[in-house]
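Peer 1: Following is a predicted model, sequence given first.
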Amino acid sequence: MMGSGFGFAQLPALQAQLGRLRADGGAAIADTLATRAKGLLVKAAEEELDRGEIEAGVAHYRIALALDAHGGGEAELVAALRTRAQSALSANKDTEAVRWAREVVAFSGGNAEAHALLAECLHALREDGEAVTEYEKALATRPDDPTFTHGLSAARHALATDGKREHTPHAHRAASSTATSAAAPVEAQPGAPSEAAAPPSDQPPAEAPERERPAAKPEDREDKVDDKGAPEKAAPSAPAEPAPDQQH
């Protein structure tokens, strides 16, 4: 039954056989068969994990571990996941490392080392906000751990540095925009007066001085004479009296 083709599809038949053996007093034989089956199924689950099929691999890994009641249980699964997370982290595959580390946390019962591993992977991925949270969870259980304390300090420093980097370009852009606006000449709008109009006054407007009338041309004077008629002739003067020697 457990030849080279044995897999999860044959598991129900194996479990039925193991039950009959234990019922007939063959518990030792059943345990031996269960251990062999576990090894084969764990190998198949690890192949799935190596292909990146995390959900299927983890599910099958747990099924395989359940066959061996005297084995390490899910601690073996956690160890396998941890190994993959650390290998991915060493290979600078930070995103993959975070995926494995999250599985470690899920199946480890949330112990301090699992949180610290996830924090380390998140810090490598520059997700320092979440890394700080995970380091704090680890330190809640082991507050005096120097490795966790150093990791938390590094994550906080990186988070503060990233915050300054995000703020600085924004400040430079704002300063550059302000300088450009100040340097640009203000174009006068067409038709706008150069000076601001004075506010209206309560005083009545001053009368404009009477313009001096131009001197009339000779032609204009003649026209006026014609219009008014010829001037009156002077009255004839009295005849002059003859001199005394001309009188009789």
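Peer 2: Nice, I can see it. Numbers count the residues shown, from 1 in each chain.
Peer 1: Let me see the contact set for Tyr61.
Peer 2: For Tyr61, the contacting residues are 42, 45-46, 49, 77, 80, by Cβ atoms under 8 Å, 6 or more residues apart in numbering. For glycine as for every other residue, the C-beta is placed from the backbone atoms N, C-alpha and C.
Peer 1: Let me fix that, I meant to ask about Val104.
Peer 2: Taking Cβ under 8 Å, 6+ apart, one finds 78, 81-82, 85, 114, 117-118 in contact with Val104.
Peer 1: switch to 6 Å and redo it
Peer 2: When contacts are counted by Cβ atoms under 6 Å, 6 or more residues apart in numbering, Val104 touches 78, 81-82, 85, 114, 117.
Peer 1: What about those residues, which one has the most neighbours?
Peer 2: Using other Cβ atoms under 10 Å as the neighbour test, these are led by Leu81, with 28 neighbours.
Peer 1: For it, give me phi and psi.
Peer 2: With angles defined as degrees, to the nearest 10, Leu81 sits at phi -70, psi -40.
Peer 1: Let me see the confidence value for it.
Peer 2: Confidence at Leu81, expressed as pLDDT, is 94.
Peer 1: So which of the contacts of Val104 sit within strands?
Peer 2: In this view, the contacts of Val104 have no member that belongs to strands under DSSP state E.
Peer 1: just these now: which is nearest Val98?
Peer 2: Ala85 (8.1 Å; Cβ to Cβ).
Peer 1: Surely that closest one is in contact with Arg99?
Peer 2: No - between Ala85 and Arg99 there is no contact, the gap being 8.1 Å when judged by Cβ atoms under 6 Å.
Peer 1: Now neighbour count and distance to Leu65 too, for the contacts of Tyr61, in JSON lines please.
Peer 2: JSON lines is the format used below for these (neighbours: other Cβ atoms under 10 Å; distance: Cβ to Cβ, whole Å):
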{"residue": "Val42", "neighbour count": "21", "distance to Leu65": "7"}
{"residue": "Ala45", "neighbour count": "24", "distance to Leu65": "9"}
{"residue": "Glu46", "neighbour count": "16", "distance to Leu65": "12"}
{"residue": "Leu49", "neighbour count": "21", "distance to Leu65": "14"}
{"residue": "Leu77", "neighbour count": "23", "distance to Leu65": "6"}
{"residue": "Ala80", "neighbour count": "21", "distance to Leu65": "10"}
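Peer 1: Could you measure from the closest residue to Gly73 other than its chain neighbours over to Lys38?
Peer 2: For Gly73, ignoring the flanking residues on the chain, the nearest one in space by Cβ to Cβ, 6 or more residues apart in numbering is Leu65 at 6.0 Å. Note on Leu65: its distance to Lys38, by Cβ to Cβ, to the nearest Å, is 7 Å.
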